[in-house]
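> please find the sequence and the predicted model below.
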Amino acid sequence: MRAYRKRTWSSLCLNVTPLIDVIFLMTIFFLLTINFSDVISRAISLPKADEARAADQRAAGRIAVTVKSADAVFIGARSMPLAEIDAGIAEVLQEQSLDPLKTVVRVLADEDLPYEVVQTVLQKAAQLGISRIEFSALIEPLQPLAGKTGS
(Lines give C-alpha, C1' and ligand atoms only; values in the text may rest on other atoms or scores of the structure.)
Protein backbone atom coordinates (compact mmCIF):
# COMPACT_ATOMS: atom_id res chain seq x y z
CA MET A 1 0.00 0.00 0.00
CA ARG A 2 1.14 3.46 -0.86
CA ALA A 3 1.32 6.14 1.66
CA TYR A 4 -0.06 9.39 0.35
CA ARG A 5 1.34 12.57 1.63
CA LYS A 6 -0.62 15.73 1.70
CA ARG A 7 0.90 17.98 -0.88
CA THR A 8 2.02 21.32 0.47
CA TRP A 9 1.70 24.29 -1.77
CA SER A 10 4.10 27.11 -1.76
CA SER A 11 3.13 29.97 0.46
CA LEU A 12 3.89 32.41 -2.36
CA CYS A 13 0.59 33.51 -3.85
CA LEU A 14 0.25 36.48 -6.16
CA ASN A 15 -3.06 38.26 -5.97
CA VAL A 16 -3.62 40.18 -9.25
CA THR A 17 -6.93 41.76 -8.27
CA PRO A 18 -5.35 45.01 -7.00
CA LEU A 19 -3.23 45.18 -10.16
CA ILE A 20 -6.32 44.89 -12.34
CA ASP A 21 -8.04 47.59 -10.26
CA VAL A 22 -5.11 49.96 -10.67
CA ILE A 23 -4.95 49.43 -14.44
CA PHE A 24 -8.70 49.95 -14.71
CA LEU A 25 -8.49 53.20 -12.71
CA MET A 26 -5.57 54.45 -14.81
CA THR A 27 -7.53 53.73 -18.00
CA ILE A 28 -10.50 55.69 -16.71
CA PHE A 29 -8.21 58.55 -15.65
CA PHE A 30 -6.57 58.82 -19.07
CA LEU A 31 -9.91 58.64 -20.87
CA LEU A 32 -11.30 61.46 -18.75
CA THR A 33 -8.27 63.70 -19.16
CA ILE A 34 -8.13 63.56 -22.94
CA ASN A 35 -8.35 67.05 -24.38
CA PHE A 36 -11.49 67.17 -26.48
CA SER A 37 -10.93 70.23 -28.68
CA ASP A 38 -12.83 71.59 -31.64
CA VAL A 39 -9.92 71.18 -33.96
CA ILE A 40 -8.86 67.66 -34.71
CA SER A 41 -5.21 67.37 -35.54
CA ARG A 42 -4.77 67.00 -39.26
CA ALA A 43 -1.56 66.35 -41.16
CA ILE A 44 -1.04 69.82 -42.63
CA SER A 45 2.08 71.95 -42.83
CA LEU A 46 1.24 75.41 -41.62
CA PRO A 47 3.09 78.30 -43.24
CA LYS A 48 5.79 80.05 -41.23
CA ALA A 49 5.31 83.70 -40.31
CA ASP A 50 7.71 86.24 -38.85
CA GLU A 51 5.07 88.14 -36.90
CA ALA A 52 2.89 85.23 -35.77
CA ARG A 53 1.50 85.38 -32.25
CA ALA A 54 -0.49 82.91 -30.19
CA ALA A 55 -4.27 83.25 -30.46
CA ASP A 56 -6.71 82.87 -27.60
CA GLN A 57 -8.02 79.32 -28.05
CA ARG A 58 -10.84 79.77 -25.55
CA ALA A 59 -12.52 82.74 -27.21
CA ALA A 60 -16.19 82.24 -27.99
CA GLY A 61 -17.47 82.80 -31.49
CA ARG A 62 -14.61 81.08 -33.25
CA ILE A 63 -15.07 78.66 -36.15
CA ALA A 64 -12.09 76.56 -37.23
CA VAL A 65 -11.87 75.78 -40.95
CA THR A 66 -9.10 73.33 -41.87
CA VAL A 67 -8.18 73.23 -45.56
CA LYS A 68 -5.89 70.33 -46.40
CA SER A 69 -6.57 70.33 -50.14
CA ALA A 70 -9.33 71.37 -52.52
CA ASP A 71 -11.04 68.05 -51.78
CA ALA A 72 -10.39 67.91 -48.03
CA VAL A 73 -12.06 70.79 -46.16
CA PHE A 74 -13.17 70.48 -42.53
CA ILE A 75 -15.28 72.71 -40.32
CA GLY A 76 -14.38 71.54 -36.84
CA ALA A 77 -14.62 67.76 -37.20
CA ARG A 78 -17.07 67.69 -40.13
CA SER A 79 -15.75 67.06 -43.61
CA MET A 80 -17.46 68.74 -46.55
CA PRO A 81 -16.80 69.73 -50.15
CA LEU A 82 -15.30 73.15 -50.82
CA ALA A 83 -18.37 74.25 -52.78
CA GLU A 84 -20.61 73.74 -49.72
CA ILE A 85 -18.36 75.45 -47.18
CA ASP A 86 -20.75 78.41 -46.89
CA ALA A 87 -23.63 76.11 -45.95
CA GLY A 88 -21.40 74.45 -43.33
CA ILE A 89 -20.36 77.76 -41.80
CA ALA A 90 -23.98 78.98 -41.82
CA GLU A 91 -25.02 75.77 -40.06
CA VAL A 92 -22.40 76.31 -37.33
CA LEU A 93 -23.51 79.94 -36.94
CA GLN A 94 -27.10 78.80 -36.49
CA GLU A 95 -26.27 75.88 -34.15
CA GLN A 96 -24.18 78.04 -31.83
CA SER A 97 -26.35 81.18 -32.19
CA LEU A 98 -23.37 83.26 -33.28
CA ASP A 99 -23.49 86.79 -34.66
CA PRO A 100 -21.63 86.88 -38.02
CA LEU A 101 -20.22 90.34 -37.21
CA LYS A 102 -18.58 89.06 -34.01
CA THR A 103 -17.60 85.61 -35.27
CA VAL A 104 -13.98 84.84 -36.11
CA VAL A 105 -13.16 82.24 -38.77
CA ARG A 106 -9.80 80.63 -38.08
CA VAL A 107 -8.30 79.23 -41.29
CA LEU A 108 -5.76 76.43 -40.99
CA ALA A 109 -4.46 75.92 -44.52
CA ASP A 110 -1.59 73.85 -45.83
CA GLU A 111 1.35 75.98 -46.94
CA ASP A 112 1.53 74.26 -50.35
CA LEU A 113 -2.15 74.84 -51.06
CA PRO A 114 -3.00 77.09 -54.04
CA TYR A 115 -4.31 80.46 -52.92
CA GLU A 116 -7.48 80.06 -55.00
CA VAL A 117 -8.72 77.44 -52.54
CA VAL A 118 -8.13 79.70 -49.54
CA GLN A 119 -9.68 82.61 -51.46
CA THR A 120 -12.84 80.55 -51.96
CA VAL A 121 -13.12 80.04 -48.19
CA LEU A 122 -12.63 83.78 -47.60
CA GLN A 123 -15.27 84.69 -50.19
CA LYS A 124 -17.81 82.25 -48.76
CA ALA A 125 -17.24 83.66 -45.26
CA ALA A 126 -17.61 87.23 -46.57
CA GLN A 127 -20.90 86.32 -48.25
CA LEU A 128 -22.20 85.26 -44.83
CA GLY A 129 -21.21 88.61 -43.31
CA ILE A 130 -18.08 87.36 -41.52
CA SER A 131 -15.24 89.84 -41.82
CA ARG A 132 -12.97 88.67 -39.01
CA ILE A 133 -10.51 86.08 -40.32
CA GLU A 134 -7.47 84.59 -38.59
CA PHE A 135 -4.81 82.60 -40.38
CA SER A 136 -2.91 79.99 -38.42
CA ALA A 137 0.83 79.96 -38.89
CA LEU A 138 3.73 78.07 -37.41
CA ILE A 139 5.62 79.94 -34.71
CA GLU A 140 9.24 78.87 -34.72
CA PRO A 141 11.35 79.38 -31.61
CA LEU A 142 14.10 81.96 -31.88
CA GLN A 143 17.44 80.50 -32.83
CA PRO A 144 20.50 81.53 -30.80
CA LEU A 145 23.02 83.72 -32.58
CA ALA A 146 25.58 81.59 -34.39
CA GLY A 147 29.22 82.11 -33.60
CA LYS A 148 28.65 83.79 -30.25
CA THR A 149 31.00 82.35 -27.66
CA GLY A 150 31.00 82.86 -23.92
CA SER A 151 33.74 85.00 -22.42
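Looks like it arrived, so ask away.
> can you check which helix is longest in this protein?
As assigned by DSSP state H, the longest helix anywhere in the chain is helix 17-32.
> how far away from the center of its chain is it?
Its chain's C-alpha centre and that of helix 17-32 lie 26 Å apart, by CA atoms, centre = their mean, to the nearest Å.
> next one: stretch 66-76
On the basis of CA atoms, centre = their mean, stretch 66-76 sits 14 Å off its chain's mean C-alpha point.
> quick one: end-to-end length of that stretch, please.
8 Å (CA to CA, to the nearest Å).
> what residues sit buried inside that stretch?
Neighbour counts over stretch 66-76 (16 or more other CB atoms under 10 Å) mark T66, V67, K68, V73, F74, I75 as buried. C-beta: built from backbone N, CA, C; applies to glycine.
> tell me what the helix or strand hosting A90 is packed against?
If you go by DSSP states H and E, A90 is part of helix 85-95. Helices and strands in packing contact with helix 85-95 are listed as strand 62-67, strand 73-75, strand 78-80, helix 115-127; criterion 3 or more CB pairs under 8 Å, 6 or more residues apart in numbering; DSSP states H and E.
> next up, phi/psi of L138, please.
phi -80, psi 130 (degrees, to the nearest 10).
> what's the burial count for it?
Look at L138: counted by other CB atoms under 10 Å, it has 11 neighbours.
> how far away is it from D110?
Distance, L138 to D110, using CB to CB, to the nearest Å: 11 Å.
> ok, now T27?
T27 is 35 Å from D110, where distance means CB to CB.
> out of those two, which sits in the more crowded spot?
D110 (19 against 10).
> identify the residue nearest that one in space, chain neighbours excluded?
Using CB to CB, 6 or more residues apart in numbering and skipping the chain neighbours, the partner closest in space to D110 is I44 (4.4 Å).
> hang on, the one you found packs against L108?
Yes. I44 lies in contact with L108 (CB atoms under 8 Å); the separation is 6.4 Å.
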